[in-house]
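Visitor: 3D, please:
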Amino acid sequence: MPAYVILHDKILRPEDEAALAEISGLGAAKREHYGEEPLELIAEQAE
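Guide: Next comes the predicted model:
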């Protein structure tokens, strides 16, 4: 079963920090520590 059937595409491919903030387990401290890196990695994998 494809992941998008279980989780909404916005969760699988957040486009900005606001979308990252909605992901459980990715709190403010982690977002501050990792910065833009998670978004960059997600964008690379989506290509």
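Visitor: the helices in the protein, which residues?
Guide: For the chain, the helices defined by DSSP state H cover 3-6, 9-12, 17-21, 28-34, 37-46.
Visitor: would JSON lines of those helices with mean neighbour count be doable?
Guide: Any C-beta I mention is one placed from the backbone N, CA and C, and that applies to glycine too. As requested, those are exported to JSON lines (neighbours: other CB atoms under 10 Å):
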{"stretch": "helix 3-6", "mean neighbour count": "9"}
{"stretch": "helix 9-12", "mean neighbour count": "12"}
{"stretch": "helix 17-21", "mean neighbour count": "13"}
{"stretch": "helix 28-34", "mean neighbour count": "11"}
{"stretch": "helix 37-46", "mean neighbour count": "12"}
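Visitor: comparing those helices by mean pLDDT, which bottoms out?
Guide: Mean pLDDT values for these show the minimum at helix 3-6, a mean of 58.
Visitor: list the contacts for the spatially most central residue of the chain?
Guide: For the chain, the residue nearest the mean C-alpha position is Pro14 (4.2 Å; CA atoms, centre = their mean). Contact partners of Pro14, counting by CB atoms under 8 Å, 6 or more residues apart in numbering, are 20, 22-23, 38-39, 42.
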